[in-house]
Each structure stands twice: as structure tokens, then as C-alpha cells.
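Participant: got a structure for you, letters missing:
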Ligand SMILES: C[S@@+](CC[C@H](N)C(=O)[O-])C[C@H]1O[C@@H](n2cnc3c(N)ncnc32)[C@H](O)[C@@H]1O
């Protein structure tokens, strides 16, 4: 499975943008990912990454075609196979975009109702499918037929059936299920996005964070919600975690600490691939039962432990590598800085911090990352996406050096820096 996910991402066509010394113009340099691993510190040191300052030009291509670098003058390598959101070029495109929420909600609702899982057992005619899902007769046919029209179902000989693709990725029983991330959109996230105008006018979140400063304590009050959230995190983050397991120099390290580890999927993928490693997942104490259950089910309980702690008050456990995957974007700037300081304190000299995020490109034209940033406006009190250069500045302030950036999967990237 790990190999398959990694293979799907290779080769990856990338663009490297390098900011010029004198201004903000960007030069494109195209390269093909040759599946090389992250360059060694020695190889990197020639890239001039020790020098701070935004105007420093870093010739990322010198370090390997895919590996961007560095603090100041960050060259962001972008996986253009990622979550592309095509820009509009006609009135028809604009109309399509304006109405896209309808088709989106049809898919989300079908996933929420478990329609694809029901049809995985056997194809059903309209009446029996309606009965199984408990739908009102008025619109059931339209709902099923639009799923056919969207290419998500087949209709043949009077019955509805999954397409090969739906069967593979939308049936909850399949290992390739991607719907866990959508189930939550189908519920709370979709509704909260209805408050976008209000969020833009006020800067206020539209989620549980609207009434409770701490989104997570509100979320985790409900055990079902907590479990659904952790499953959604695993579903969303697994592709990037799989590539991270392949492309970071794990052989140089022994103990990996994952801050905000959720149910532990990233550590599981890394430790499975690298048997010499042990791991520590830090997350809020409420997460322990799902972490323990998942890690035990994956047979890694002997190498992977859980620290239940609040990272606002507790220090990070010591380790050779500290991972912050999809953590910084949840919080305001002082919190991001505090977390990077704690990462620095937890590491030995030459220890590495690894940040996994969907980064905004330096030109601020990457729709997926910008949409994720707006999602953070909707969901959190102070969160938002950021560029590699911004993160490079915070890393340098915390004391880190040799900041590098490289693509993982989709629009996700890793930033790596050394103590
Ligand atoms: C957006 S999720 C990211 C999960 C995972 N790293 C990933 O990449 O999918 C953020 C995680 O941070 C954890 N978290 C939030 N506040 C925390 C705190 N104060 N202390 C420790 N963990 C916290 C949450 O419980 C959640 O698992």
C-alpha cells in the first residue's frame, strides 16, 4: 500500500520558482522528480541556506531537480498533479463554478448516507435502494440519477450499481476509502461554509470555535465526533504521510516525535517503512483511546507510544525528529512561533523539524491552499495557511537553519529544518 501510494506520485512534474535578488519576479525552472531522497546536509550547505534574508537567491535545481530551498528566497516546488482548481475562462465556467456546490452536496450526502457502501453488497433497483436509505419517494429517483449523470453510479438493467471507481474509493469497507474526509464536510464543514460572508465581514470563525475558544475541546466533548475527526485526519493526511515515509532521510535518525499525532497514522506509515525507528505521538489526552486502538490494530504498540498533553503547557517529548503535520495552520502567529520554539528545545543538535502543510505559493495563486486557508478562517480563531518563506522566517527565529521545502502528494509539501 505504501509503495503504491508513493509510486502513484512518481514521476511528478514540478515547477521551481526562484525569486530574483532585486525584486519579486519569478523564474520558472521545470524539472522531473527523479525520486531522489532529500539531499544530505553536506549537499545542501552549498545552497547558501545559512544566510538569512528574503532576497537571497537559492538555486534549488542545483540541489536536485525537485528539492526547493530555503529560508529567504524560498523556491516552492509545486506538484501540479495536485488538487487542481482550474481558473475560469468563460461565462459558462463561471456559471458552473457558481453551481458546483449542488453537485458537491449530492456527493457529500451520498457518502454521508452510506449509499456506495449499500450498493457494494449488490446492485439495487430504485425502490429497494430508496428503502435501504430511508429516503422520501419525492426526490429519490432524481438523486440516484444525478449520481449516474455525474459518473458516480451505473444504471443497468433496472438497477443502480457502483462504478469501479466508486466501489474502490467510496465504499466504507474498502481500504482505499476516501470518504472519511468527506463525511465531515457533509455534516458540519459544509454548513459552516454557509457563514463565509459573515466570517469575511467579521473575521470570526463559523464553527464550534465561534462560542468556544478551543475548537478541540468543543469537538472532543462528543466521543463520536472525536472518532470521526481522527478518521477524517487519517484519510486526508495519509497520502502525504506515505510519501514522507519514503522521501525523508529517516535512516539518520532513531526517535520521531509527532506533535498533534491524531490517531497515529503518520507515525505508523513511517515506522512500518523504517524498522529501526521508534515513535512518540503527542496529542490531547482525549485522543489516547483512538490512538491506542489504531496503533495496536496496526501491530506497532511496542514501538509507538502516546503522550497525552496540551502543547500549550507541556514541553515536547525529546526526539531526533519533530513532526508538525497540519498543526501550524490551526493557530495564530504567536502560537506557531511558540510551537516551533518547543520543537527546537526538544531536539538535539542536528535534529530535524518536519512541517507538513499545504503551502500557499509565493505568488499566492494556488487555489487549493488559499481555499484551505479560508477553511481555517471558517473553522478556527486564528488559523490560516502560509507560504514557505513565512514559515522559513519563523523557523529561523526559533533558531533553525537549512530550511528546505519539497513536495509530498497533491498540493501538500514538507518543510524541513535543522537545529
Ligand atoms: C488538524 S489535526 C492534524 C492531525 C495530524 N497531525 C494530521 O496531519 O492529520 C490537529 C491535531 O492537533 C491536536 N491538538 C489540538 N490542540 C492541541 C493541544 N493543545 N495539545 C496537543 N494536541 C493538540 C488535535 O487533537 C489534532 O489531533
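Facilitator: Everything's here; your move. The structure displayed is predicted, hence computed values, not measured ones.
Participant: residue closest to the middle of this protein?
Facilitator: The chain has residue 237 as the residue nearest its centroid, 4.5 Å off, counting by C-alpha atoms, centre = their mean.
Participant: what's the helix or strand for that residue?
Facilitator: Under the criterion of DSSP states H and E, residue 237 resides in helix 223-247.
Participant: can you get me a residue count around the one residue in the chain that gets nearest to the ligand?
Facilitator: In the chain, the residue that lies nearest the ligand is residue 260 (2.8 Å; C-beta to the nearest ligand atom). From N, CA and C alone the C-beta is placed, and that goes for glycine too. Around residue 260 there are 21 other residues, counting by other C-beta atoms under 10 Å.
Participant: OK, contacts around residue 120?
Facilitator: The contact partners of residue 120, by C-beta atoms under 8 Å, 6 or more residues apart in numbering, come to 162, 167, 171, 173, 174.
Participant: rerun that using 7 Å as the cut-off
Facilitator: 162, 167, 171, 173 (C-beta atoms under 7 Å, 6 or more residues apart in numbering).
Participant: just name the closest of these to residue 379, please.
Facilitator: residue 171 (28.0 Å; C-beta to C-beta).
Participant: okay, that closest one: pLDDT?
Facilitator: Residue 171 carries a pLDDT value of 97.
Participant: what's the burial count for residue 359?
Facilitator: 29.
Participant: so it makes contact with residue 388?
Facilitator: Yes. Counting by C-beta atoms under 7 Å, residue 388 is a contact partner of residue 359 at 5.3 Å.
Participant: sec struct for residue 405, please.
Facilitator: strand (DSSP: H, G, I helix; E, B strand; the rest coil).
Participant: wait, it sits on residue 413?
Facilitator: Yes. Judged on C-beta under 7 Å, residue 405 makes contact with residue 413 at a distance of 5.7 Å.
Participant: give me the more crowded residue out of those two.
Facilitator: Between residue 405 and residue 413, counted using other C-beta under 10 Å, residue 405 has the larger neighbour count: 29 against 26.
Participant: distance of the more buried one from residue 131?
Facilitator: For residue 405, the distance to residue 131 (C-beta to C-beta, to the nearest Å) stands at 52 Å.
Participant: give me the residues contacting stretch 306-325.
Facilitator: Identification of contacts with stretch 306-325 by C-beta under 7 Å, 6+ apart yields 237, 253-259, 266, 280-282, 284-285, 288, 291-292, 339, 342-343, 345-348, 351-356.
Participant: residue 281: what secondary structure?
Facilitator: On the three-state scheme (three-state DSSP), residue 281 is labelled strand.
Participant: list the contacts of the closest residue to it other than its chain neighbours.
Facilitator: Nearest in space to residue 281, with sequence neighbours left out and distances taken as C-beta to C-beta, 6 or more residues apart in numbering, is residue 261 at 3.0 Å. Residues in contact with residue 261, defined by C-beta under 7 Å, 6+ apart, are 267, 281, 282, 283, 291.
Participant: now the first one: which helix or strand?
Facilitator: When you say that, I think you mean residue 267. Using DSSP H and E, residue 267 falls within helix 265-273.
Participant: what packs against that helix?
Facilitator: If you count contacts as 3 or more C-beta pairs under 7 Å, 6 or more residues apart in numbering; DSSP states H and E, helix 265-273 packs onto helix 2-8, helix 223-247, strand 255-259, strand 278-283.
Participant: how about those, which one is nearest residue 384?
Facilitator: For these, proximity to residue 384 was assessed by C-beta to C-beta; helix 223-247 is nearest, at 17.5 Å.
Participant: quick one: that closest one to strand 255-259, angle?
Facilitator: For helix 223-247 against strand 255-259, the angle by axes from the mean of the first three to the mean of the last three C-alpha atoms, to 10 degrees is 140 degrees.
Participant: which neighbouring elements make contact with helix 223-247?
Facilitator: Using 3+ C-beta pairs under 7 Å, 6+ apart, the elements in contact with helix 223-247 are helix 2-8, helix 179-184, helix 215-219, helix 265-273, helix 288-297.
Participant: looking at those helices, which is buried most?
Facilitator: Comparing the helices and strands packed on helix 223-247 by mean neighbour count (mean count of other C-beta atoms under 10 Å), helix 265-273 ranks first with a mean of 24.
Participant: and that helix, how far out from the chain's middle?
Facilitator: 16 Å (C-alpha atoms, centre = their mean, to the nearest Å).
Participant: before we move on, what SS does residue 409 have?
Facilitator: For residue 409, the assignment made with three-state DSSP gives coil.
Participant: model confidence for it, exactly?
Facilitator: In the predicted model, residue 409 carries a pLDDT score of 91.
Participant: quick one, phi/psi of it?
Facilitator: Backbone torsions for residue 409, taken as degrees, to the nearest 10, come to phi -130, psi 160.
Participant: contact residues of this structure facing the ligand?
Facilitator: 216, 233, 237, 260-262, 283-284, 287, 310-312, 325-327, 330 (C-beta under 6 Å from any ligand atom).
Participant: most neighbours out of those residues, which is it?
Facilitator: Neighbour-wise, the residues of the chain next to the ligand (other C-beta under 10 Å) top out at residue 261, 28 neighbours.
Participant: please, which helix or strand holds that one?
Facilitator: Per DSSP H and E, residue 261 falls between elements, in no helix or strand.
Participant: circling back: just the ones of the contacts of residue 120 in strands?
Facilitator: Counting by DSSP state E, the part of the contacts of residue 120 found in strands is residue 162.
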